[in-house]
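S.K.: sequence and predicted structure, then a few things I'm wondering about:
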Amino acid sequence: MFDSLSQRLSGVFDRLRRRGALSEADVTEALREVRIALLEADVALPVVKDFIAAVRERAVGQEVLKSVTPAQQVIKIVNDHLTETLGPAAEPINLNATPPVVILMVGLQGSGKLALRLRAKQRKKVLLASLDVHRPAAQEQLAQLADRAEVPSLAIMAGQTPLQIAQRALHTARIEGFDVLILDTAGRRAIDQALMDEVMAVRDATHPTETLLVADAMTGQDAVNLARAFNEQIGITGIVLTRADGDARGGAALSMKAVTGKPIKLLGMGEKLDALEDFHPERIAGRILGMGDIVSLVERAAETIEKDEAERLAAKMQAGKFDLDDYAKQLKQIGKMGSLEGILGMLPGVAKVKAQLAASNLDTSILKRQAAIIGSMTPKERRNPDVIKASRKRRIAAGSGTRVEDVNRLLKQFDEMSGMMKRMQKLGQKGLMRHGLSALMPGRRPH
């Protein structure tokens, strides 16, 4: 979402670092470029003005200009103010109320993802209810979504108004002992006063603990205007920003907190039902400034990788008995973490080489293709890849919809990995510590 802004800011800070000592004119010039970068990212003008003024006030002080590392000081100040503009701290969904906790969803649809998150991660008993009587089959669609999320949805009764549905949902949630009731209102991208009045009536009747606006990061300033209108008329408590994995310029995220005073609580990072994650302002600021987000990467790995399977694979690697079946399972584990581009975006310094990665046509489908190749092999071939000769390669390529060159590439990668495993086994822990990682490289013989 912040790629273009990140690249622009990285260029500005690289030039600052090369100058060593900084003058007030240097800082002013850098902040002018930061201002342009923010405006190009579609950040609201008042937010940009306040941001630049706040950074300038601290960046031209004597403690910065006379610092041993003035450029680093300026970058830290920008990072601090980015975090403050976005947050300044993560604010989770508030569930600290007498059950059932009512969550009113306004704006776009997003209740299915939230329901799954509350059920799977916080072990809550969740009831979903659609109040959308305007769009044909909207209630049936939400019921199907609830099935996929493995949460119950309110039974559909034709002819009821949104207010009547909300009141029935609240009564059901109370008598059936639900922890959370999610009320999904009619989705909209533009202001409609009739629908606003409808939501206000539901809000007054159900007294929600959270009123969450679901907004599309791709719509830029339109999303900011929508957030302002909902906050003024309904009174939102937080924002869920969807399609944050797209190529949006990021201005909506940087503007919404400043314009509404309400926190962004969750980010939608894809179309999958489980592609919803907590919004951490300090981590997002780090991504924007090219510092990466290792904490989120580790958390994602912990959530998606199956511990028992990972330990079993690690044991086989250490024993040097790693085969193509194990390799396929490893690919599947990595695939659960998301796209390669998304994973790379969390690594420090990768922002600077993203352009080169794009130019080199980074193949984001390689994991699926390799899994397909292994899936086209016989059990014997997966256990013993040495038997795979020319005719078998042609059969495997045809069965997986790939080329013989792709099969050769996979086998070569696996052979190199197997070689490394064997060298690791020979070295042992003490040998690895003595010789270092270079001892694992091809052609190196440990003494």
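M.R.: Looks like it came in fine.
S.K.: which element is the closest residue to Ala186 other than its chain neighbours on?
M.R.: Leaving aside its sequence neighbours, Ala186 sits nearest to Asp132 (C-beta to C-beta, 6 or more residues apart in numbering; 4.2 Å). Where C-beta positions appear, they are placed from N, C-alpha and C, glycine not excepted. If you go by DSSP states H and E, Asp132 is not part of any helix or strand.
S.K.: ok, Asp132 - how many residues close by?
M.R.: 20 (other C-beta atoms under 10 Å).
S.K.: make 8 the first number, not 1, from now on.
M.R.: Fine by me, first position is 8 from now on; the one you just mentioned is Asp139.
S.K.: that one touches Thr192, doesn't it?
M.R.: Yes - in terms of C-beta atoms under 8 Å, Asp139 counts as a neighbour of Thr192; the distance is 6.8 Å.
S.K.: any common contacting residues for these two?
M.R.: Pro169 (C-beta atoms under 8 Å, 6 or more residues apart in numbering).
S.K.: quickly find the element holding the nearest residue to Val394 once chain neighbours are set aside.
M.R.: Distance criterion C-beta to C-beta, 6+ apart; nearest residue to Val394, sequence neighbours excluded, is Glu388 at 6.1 Å. Under the criterion of DSSP H and E, Glu388 resides in helix 386-390.
S.K.: beyond the helix or strand containing Arg24, next helix or strand please.
M.R.: Using DSSP H and E, Arg24 falls within helix 10-25. Downstream of helix 10-25, the first helix or strand assigned by DSSP H and E is helix 31-47.
S.K.: got the contact list for that following helix?
M.R.: The contact list for helix 31-47, computed with C-beta under 8 Å, 6+ apart, reads 11-12, 15-16, 18-20, 22-23, 26, 52, 54-55, 58-59, 62-63, 66-67, 71-72, 81, 85, 256, 258, 261.
S.K.: what's the neighbour count on Arg25?
M.R.: 8.
S.K.: please report how far it lies from Val19.
M.R.: 11 Å (C-beta to C-beta, to the nearest Å).
S.K.: what's the answer for Asp87, then?
M.R.: Distance from Asp87 to Val19, by C-beta to C-beta: 16 Å.
S.K.: and Phe421, how close does it get to Asp332?
M.R.: 11 Å.
S.K.: neighbour count: the two, which is higher?
M.R.: Neighbours were counted for Phe421 and for Asp332 using other C-beta under 10 Å; Phe421 has more, 18 against 14.
S.K.: helix or strand for the more buried one, which one?
M.R.: Element membership of Phe421, judged by DSSP H and E, is helix 411-442.
S.K.: quick check: buried residues in the helix holding Arg24?
M.R.: Asp10, Ser11, Leu12, Ser13, Arg15, Leu16, Ser17, Val19, Phe20, Leu23 (16 or more other C-beta atoms under 10 Å).
S.K.: turn those into JSON lines, columns for pLDDT and distance to Phe286.
M.R.: Converted to JSON lines, these look like this (pLDDT from 0 to 100; distance: C-beta to C-beta, whole Å):
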{"residue": "Asp10", "pLDDT": "63", "distance to Phe286": "18"}
{"residue": "Ser11", "pLDDT": "65", "distance to Phe286": "20"}
{"residue": "Leu12", "pLDDT": "71", "distance to Phe286": "17"}
{"residue": "Ser13", "pLDDT": "71", "distance to Phe286": "17"}
{"residue": "Arg15", "pLDDT": "71", "distance to Phe286": "22"}
{"residue": "Leu16", "pLDDT": "75", "distance to Phe286": "20"}
{"residue": "Ser17", "pLDDT": "73", "distance to Phe286": "22"}
{"residue": "Val19", "pLDDT": "75", "distance to Phe286": "25"}
{"residue": "Phe20", "pLDDT": "74", "distance to Phe286": "24"}
{"residue": "Leu23", "pLDDT": "73", "distance to Phe286": "29"}
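S.K.: ok, those residues vs Leu417, which is closest?
M.R.: Nearest to Leu417 among the buried residues of helix 10-25: Asp10, at 30.2 Å, using C-beta to C-beta.
S.K.: what is the burial count for Arg39?
M.R.: 12.
S.K.: what kind of secondary structure is Ala162 in?
M.R.: Recorded secondary structure, Ala162: coil (DSSP: H, G, I helix; E, B strand; the rest coil).
S.K.: tally of neighbours for it?
M.R.: 11.
S.K.: so Ile403 makes contact with Val414?
M.R.: Yes - using C-beta under 8 Å, Ile403 is in contact with Val414, at 5.3 Å.
S.K.: which helix or which strand is home to Val113?
M.R.: Going by DSSP H and E, Val113 is part of strand 108-114.
S.K.: would you mind identifying the next helix or strand past that strand?
M.R.: helix 118-129.
S.K.: quick one: that following helix to chain centroid distance?
M.R.: Averaged C-alpha coordinates place helix 118-129 at 16 Å from its chain's average position (C-alpha atoms, centre = their mean, to the nearest Å).
S.K.: can you give me how far the helix or strand following it is from the chain middle?
M.R.: Sequence-wise, the next helix or strand downstream of helix 118-129 (DSSP H and E) is strand 133-137. Relative to its chain's centre, strand 133-137 lies at 25 Å (C-alpha atoms, centre = their mean).
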